[in-house]
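Asker: Have a look; sequence and predicted model below, questions after that.
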Amino acid sequence: MNIVVPIKSVIDVELNIRVQEGKIAKDGMSYIISKWDENAIEAALQLKEKHGGEVTVVSVGPDRASESLRKALAMGADKAVHVNDPAAEDSDSFGFAKILAKVAQRGPFDLIITGKQAQDTDMGGTGPILAELLGLPQVYNVIKLESDEPSTLKLNRLGHQGQEMVELKLPALIAANDSLNEPRLASLRGIMAAKKKPLDVLKLADLGLSPDEVGAKGARVRTLEFQPPKRRAAGKKFEGDAEEVTRKVMDLLANEAKIFA
Amino acid sequence: MPEVSVFKSDLRELEFALFEQVKLGRLLGKAPFQNLSEADARLILKEAHTFSAEVISPTLRESDRAGCHLTPEGVRVPEALKAVWTQYYANGWNTLTLPESQGGQGAPQVLGAAVGELMSGANTGFYMYPGLSMAAASVIREIGSKAQQELFATKIESGASAGTMVLTEPQAGSDLGLITTKATPQPDGSYLIQGNKIFISGGDHDLAENIVHLVLARIDGASAGTRGLSLFIVPRRRVNPDGSPGAPNDVVCTKVEHKLGINASATCALAFGAEGKCIGWLVGQDGAKSGGQEGEGLRNMFLMMNRARIAVGVQSLSLASTAYLNALAYARTRLQGTPLGDRKSSQGPVAILAHPDVRRMLLEMKSTVEGCRALLYYAAGLEDQAAALEADGKGRGAEQLDYLGLFIPMVKAYLSDSAVHVASLAMQVYGGAGYTAEFPAEQYLRDARIFPIYEGTNGIQALDLVGRKLNQNNGALTKRYLKETAAFLEALKAQKGYTAEGKALARAVAALQEVLGHYLKLGMLGKLDEVALTATRFLEAMAKIVVARLLLEGALAAEPLLKAAKPGSADAQFYQGKIAAARFYARNILPTVPGLCEMITAEDTLALDLPDGGFALGG
């Protein structure tokens, strides 16, 4: 089973993210693989371990994206493709999907697994558009995955009202929820083994794309500015006798927060 | 329920220390480190941090509370540690600095120290098991016979076996010459081992299927004192020809100590050969053939001791660093008091980070931690430089290793004393909350308190420095250090804005040189007691000079980077922090050196002259 996993390198969410002049300040930041993409990698590795085949990870981004790709290789992916072209920067979901579609079409594949959304923009647009561009059936927000034979997946997805059980014939695209699995860590052995795995660096031209089709020029969605979220007020801590604390909390919920009104 | 990780590290600072301070990049990609690039090293650091925070750290509090327990089947460690041990080895973290020929990654020691800092900072009690195991394996690799390497070292390197170093006996602590454990030769070339040992870290546990003890013992008829000691491999269970564990080898844990800290680590009393059935092998001996390393026990143990002393430096730094960063995080969020002179402040209470005395404590911790890191990495880097010189055929590696010897007592003693100091300051920042078990500050302080004691007390380190290292090679190591420092002082003069720091360092160096002359005089007069009396103060004085110079070198490396950074940016603030740490150390910590030196040269012999009863009358 050959699987393609697009991943996004995002600012480490544990850092103090700052907004300067309507843009996210990037100095002093470090980057991680967007968390749902790690679930996607893990799902792909488990399928490969079961059915054989290859896992290819793909990322579109500047130089630093290679660090995330090398981590994915260290986790156990077999190949990596890095689309590193300044003209691809500031793409919207549609632009990223176009680039990823071209990368996927470079070789035969059975399955594309994405995260259900990126951890920075929370758009969740790239995966569905990618499936449309490739004419693939797609199942989103997958929380359980079984596969007795390589041609079919049995999936549970978290729907609007509870879980939906789906059987999916490949080729297809699925998107992972973080309850799908527990992503493995990159081991030291994995990091060293990753050095010998191929990491192709491509330009848009290598994919037959012109700079106007993607990036800021080809974008249909424009980000006007970022604003820092309002700071949350400090929480309250209640201590003492359980009964007394419960009464106090109930009183506050009823009379201050008025949640029972 | 796994606990929340309290471990904190500053990867940016670690990267600065590795790549800007030690300039690790110069060694990577070339023999014997041809296998690693700078990008690899950065990824390794990042993933080691993830492993520490996500896998090791959640066991910190739980394993401290649970402790280790003696059962009829042997010692049982806190349950949570077993999965960590398995994953640590499965992920290959123990192989980082092992040579490629032994299935390792051949990484430099300085990268090993950085990764060790992360792993140990997450739970130092746990980290001692793999740390000591790998140190034991490295001794067997270095001086063991081929068969011993196959049977024992390979097993330790895979995590199937653990390893220990077994020196101390009830009557033989700092003075190993008093060891009485005996080794009786057997016709097949093995030895029967008999004796009682105490304070053995990882002496018994259920993390691995076997434990390989490296035991100091005296062969029947060997001379008294340290010269009669030899080093033996004594497994907990005998080994089958394929290395798998066989019958018990009459090594029994008789007690697990109850201690102040590092409760995750089993500190054991071991009885070897109580039933006369404990078999050991002389390290280096090949089967029944004679040879091996008879009477070389202490020298061989020192192969391990030097590593172990650097490892205590790693442990010390690791706790100091996470204690500091935890205190800093607390100081940023704890609201208390108003700005000085603004009692009716309309903003209400401010974060305690705003208070001058808290800032003073935090900067003292920061500069101490970063100074300790600079010293540790400098020392580990000397070993890497030695390896690079040897690989290059220049053959001057031994010189660097001799030089490293000068710094080992300072790494062990100064870093461990600093760990206790910083952990104590960290608790102070928390106030009363830090004294409770709700925050990790109290555990850091408890765990750190053993560091000045074990692997050669800090008093022993000071004697090693003044009694051995200062005069080694006719004082060549000391001369080299003073010469390099004089050159640095010249270079510092040319640097704008470092006049005060340069003067403070020059004054401290001059005072230290005066002490060296004083020691020479005491030596000629045979007043060795007076040298011993002041050795601890000397070590502190010299270590502070070494650390101050390294921090200032780091500041000079940071200056151009600060100029290149955008004002007010995170990068700029980072480099400002580096420079401030160096300046603070030079202005607030280094000035104690002339005072220490004055105490030494004043020949105050009160402590020697006082009759024993003068300390207090009675028994």
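Answerer: Yep, that arrived.
Asker: alpha carbons only for contacts and neighbour counts from here, please
Answerer: OK.
Asker: and the closest residue to chain B within chain A, what are its phi and psi?
Answerer: The minimum distance from chain A to chain B, using C-alpha to the nearest C-alpha, falls at residue A:187 (4.5 Å). Here is the backbone geometry of residue A:187 (degrees, to the nearest 10): phi -90, psi 160.
Asker: so how far is residue A:42 from the closest residue in space to it that isn't next to it in sequence?
Answerer: Closest residue to residue A:187 apart from its sequence neighbours, by C-alpha to C-alpha, 6 or more residues apart in numbering or on different chains: residue B:91 at 4.5 Å. Counting by C-alpha to C-alpha, to the nearest Å, the gap from residue B:91 to residue A:42 is 16 Å.
Asker: more crowded one of those two?
Answerer: Shown here are residue B:91 and residue A:42; by other C-alpha atoms under 10 Å in any protein chain shown, residue A:42 has more neighbours (25 against 17).
Asker: Just the pLDDT for the more buried one.
Answerer: Here the pLDDT value assigned to residue A:42 is 98.
Asker: Help me confirm that it is found in a helix?
Answerer: Yes. Under DSSP: H, G, I helix; E, B strand; the rest coil, residue A:42 sits within a helix.
Asker: and it, what is it in contact with?
Answerer: When contacts are counted by C-alpha atoms under 8 Å, 6 or more residues apart in numbering or on different chains, residue A:42 touches A:181, A:182, A:183, A:184.
Asker: Filter those residues to keep only those in contact with chain B.
Answerer: For chain B, no contacts are drawn from those by C-alpha under 8 Å from any C-alpha of the partner chain.
Asker: OK, now which residue of the stretch 401-550 of chain B is nearest to chain A?
Answerer: With C-alpha to the nearest C-alpha, the shortest gap between the stretch 401-550 of chain B and chain A falls at residue B:438, namely 14.2 Å.
Asker: burial measure for that residue, as a count.
Answerer: 9.
Asker: same question, residue B:529
Answerer: Here the number of neighbours of residue B:529 (other C-alpha under 10 Å) works out to 13.
Asker: Likewise for residue A:95?
Answerer: With neighbours defined by other C-alpha under 10 Å, the count for residue A:95 comes to 25.
Asker: Roughly how far does the closest residue to it other than its chain neighbours sit from residue B:310?
Answerer: Computed as C-alpha to C-alpha, 6+ apart, the closest residue to residue A:95 that is not its neighbour in sequence is residue A:214, at 4.6 Å. Going from residue A:214 to residue B:310 by C-alpha to C-alpha gives 54 Å.
Asker: do residue B:542 as well
Answerer: Counting by C-alpha to C-alpha, the gap from residue B:542 to residue B:310 is 17 Å.
Asker: Quick one, grab the pLDDT at the residue nearest to residue A:187.
Answerer: So, for residue B:91, pLDDT stands at 96.
Asker: measure it to residue A:69 for me?
Answerer: As judged by C-alpha to C-alpha, residue B:91 and residue A:69 stand 19 Å apart.
Asker: cool, residue B:263 as well?
Answerer: Separation of residue B:263 from residue A:69 (C-alpha to C-alpha) stands at 40 Å.
Asker: same check, this time on residue A:169
Answerer: 28 Å.
Asker: Could you do residue B:430 as well?
Answerer: As for residue B:430, its distance to residue A:69 is 41 Å (criterion: C-alpha to C-alpha).
Asker: Flag the shaky bits of the stretch 101-250 of chain A, pLDDT-wise.
Answerer: Along the stretch 101-250 of chain A, the model assigns pLDDT under 70 to residues A:234.
Asker: can you list the residues of it near chain B?
Answerer: Within the stretch 101-250 of chain A, the positions adjacent to chain B are A:185, A:186, A:187, A:188, A:189, A:190, A:191, A:192 by C-alpha under 8 Å from any C-alpha.
Asker: quick one: which of the residues you listed is most hemmed in?
Answerer: Using other C-alpha under 10 Å as the neighbour criterion, residue A:188 leads these with 26 neighbours.
Asker: Comparing residue A:169 and residue A:69, which residue is more hemmed in?
Answerer: residue A:69 (27 against 14).
Asker: does that one sit in a helix or strand, and which one?
Answerer: helix A:65-75 (DSSP states H and E).
Asker: Contacts (any at all) between chain B and that helix?
Answerer: Yes. Using C-alpha under 8 Å from any C-alpha, helix A:65-75 reaches chain B at A:67, A:71.
Asker: Can you list the helices and strands that that helix packs against?
Answerer: Under the contact criterion of 3 or more C-alpha pairs under 8 Å, 6 or more residues apart in numbering or on different chains; DSSP states H and E, helix A:65-75 touches strand A:31-33, strand A:55-60, strand A:79-83, helix A:188-194.
Asker: mind running it again at 7 Å?
Answerer: strand A:79-83, helix A:188-194 (3 or more C-alpha pairs under 7 Å, 6 or more residues apart in numbering or on different chains; DSSP states H and E).
Asker: quick one: that helix to strand A:79-83, angle?
Answerer: 170 degrees (axes from the mean of the first three to the mean of the last three C-alpha atoms, to 10 degrees).
Asker: what residues does helix A:65-75 touch?
Answerer: A:9, A:32-33, A:57, A:59, A:79-80, A:82, A:184-187, A:190-191, A:193-194 (C-alpha atoms under 7 Å, 6 or more residues apart in numbering or on different chains).
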